[in-house]
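**Student:** attaching a predicted model along with its sequence, questions to come.
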Amino acid sequence: MIGRTYEERRLSLLTIATASAAILMLLLLPTLLAPFASAGQLPLKDLDPAVFVYTAPEVCGFIPYDIAANIAEPIDTTLTVGLKGEPSIFAPDLKEGDYATNFFLHNSDQQLPVQRLRWFFFLEYFGWTNASGGFNGFTVKQAINMSLYLLESEGASITLPRNGTIAIGCNQANAWKTSGIDVPPAAGTNPIPLNKTDAIIKALQTLIDFDPARIPPGSVLFWKGYNIWNQTKGDGTDSTLQPIDIDVVYSYESASNKIWFQILKDPSRTIPRHLIGKNLEIVAAFHPLNKTQIGNNWFEVVQIDWLLRRAIRDQYPAAADRVILRVIDVDYGVGSSWQVVESVTFREVPP
């Protein structure tokens, strides 16, 4: 009996000793492993904060006929702003018609502004209608620092205040007057509309030495590109920790319009006489609705004349440029259209 009691006490003491040693090891373990745990790691205090990156394509303007994806794709080796490479998409086939892309940026934080928000636009392709209603276009493949343009030309910034919202469309971008590119406006301040088209044309002058005089007054523009927004993650005290919301609306419309006309005179004498003075009609796509237009609106008149002569040229090439035409009526109608609303996802780039 005595021996068994002794044995039980010895086991109890061993159990207590083992438990004590385990607890002591757990307390000392972080200290013992600290030199090894920190090996190869970088201190975080000197690193930049994380960044939320958003990307979204953009197509704006009117093209009078289909554009095929047969354009050379040069590599821009000088590209250093906004991207460290090039987008994976380039000039897919585009159907004739009218395109628009509109973005809505919103800071849903009710208490804190965004710390820093930068906007870059990678312009892939640019074109316009010429004086005869035809289309001229060329590849650009250059990045435009839109935030820097807004600051230098307008003294404005897109940095969002608490619960702030701005819209960016084809011709217009909203921004706030500011004393610095990263200074958010006061809460409740309204943004102002700024000319986005002007920013793109001025960037073309700088990037590729483009002469804006090449675009006739009244021309309708077209461009295709890629937007990049970089939002710096805040500290949760003076600026928001949350990513902003970006919604995009993609729109397309192809107008199926009827034109009734007469051929009053044919100096070439190649058109059959029974067609002279007779009411004729064609169906064509024209009449842009997205207002990517410079100057006075003579585009529709030019387009109608050009479309009529192009239709005549298919059968009577000698008469196309010489006939005297009379437009009787034009019936505007929508041939096909679609609209897609999407939320732009982001990826977080760590410090």
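**Tutor:** Arrived safely.
**Student:** would you list every one of the strands in the stretch 51-200 of the chain?
**Tutor:** Along the stretch 51-200 of the chain, the stretches classed as strands by DSSP state E, counting those that start in this stretch are 51-63, 97-106, 116-129, 135-145, 156-157, 165-168, 172-177, 192-195.
**Student:** pull the contacting residues for the residue lying closest to residue 322 once chain neighbours are set aside.
**Tutor:** Leaving out its chain neighbours, the residue that sits closest to residue 322 by Cβ to Cβ, 6 or more residues apart in numbering is residue 267, at 4.8 Å. Using the backbone N, CA and C atoms, a C-beta is placed for each residue, glycine as well. When the contact criterion is Cβ atoms under 8 Å, 6 or more residues apart in numbering, the partners of residue 267 are 319, 322, 323.
**Student:** which helix or strand contains the second one?
**Tutor:** Following DSSP states H and E, there is no helix or strand that holds residue 322.
**Student:** may I ask you to confirm that it is in contact with residue 269?
**Tutor:** No: when contacts are counted by Cβ atoms under 8 Å, residue 322 is not listed as touching residue 269 (9.8 Å).
**Student:** and the two? Which one has more around it.
**Tutor:** The residue with more neighbours, out of residue 322 and residue 269, is residue 322; 15 against 9, by other Cβ atoms under 10 Å.
**Student:** residue 280 - how many residues pack around it?
**Tutor:** Close neighbours of residue 280, defined as other Cβ under 10 Å, add up to 16.
**Student:** contact partners for it?
**Tutor:** Residue 280 sits in contact with 260, 261, 262, 263, where contact means Cβ under 8 Å, 6+ apart.
**Student:** how about residue 324?
**Tutor:** By Cβ under 8 Å, 6+ apart, the contact list for residue 324 reads 263, 264, 265, 266.
**Student:** for residue 228, which non-adjacent residue is spatially closest?
**Tutor:** With sequence-adjacent residues excluded and distances taken as Cβ to Cβ, 6+ apart, residue 228 is closest to residue 120, at 4.5 Å.
**Student:** in the sheet, who's paired with that neighbour?
**Tutor:** Per DSSP bridges, the residues bridged to residue 120 are residue 145, residue 228.
**Student:** about what we covered before: most neighbours of all the contacts of residue 280, which one?
**Tutor:** The residue in the contacts of residue 280 with the most neighbours, by other Cβ under 10 Å, is residue 261 (22 neighbours).
**Student:** which strand or helix spans that residue?
**Tutor:** Using DSSP H and E, residue 261 sits in strand 257-265.
**Student:** quick one: the helices in the protein, in order.
**Tutor:** Here the chain has its helices, by DSSP state H, at 2-37, 146-149, 196-208, 299-315.
**Student:** and these, which one's lowest on average pLDDT?
**Tutor:** Confidence, taken as mean pLDDT, is least for helix 2-37 of the helices of the chain (a mean of 52).
**Student:** residues touching residue 192, list them.
**Tutor:** 156, 174, 175, 176, 177.
**Student:** selecting buried members of those in ChimeraX, what would you type?
**Tutor:** Burial among the contacts of residue 192 is assessed by 16 or more other Cβ atoms under 10 Å; the matching ChimeraX selection reads:
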select :156,174,175,176
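**Student:** quick one: which of the contacts of residue 192 is nearest residue 66?
**Tutor:** Residue 66 has its nearest neighbour among those in residue 174, at 33.2 Å by Cβ to Cβ.
**Student:** is that closest one bridged to anything, and to what?
**Tutor:** Assigned bridge partners for residue 174, using DSSP bridges, are residue 193.
**Student:** need the least confident one among the strands of the stretch 51-200 of the chain, by mean pLDDT.
**Tutor:** For the strands of the stretch 51-200 of the chain, mean pLDDT drops lowest on strand 135-145, to a mean of 85.
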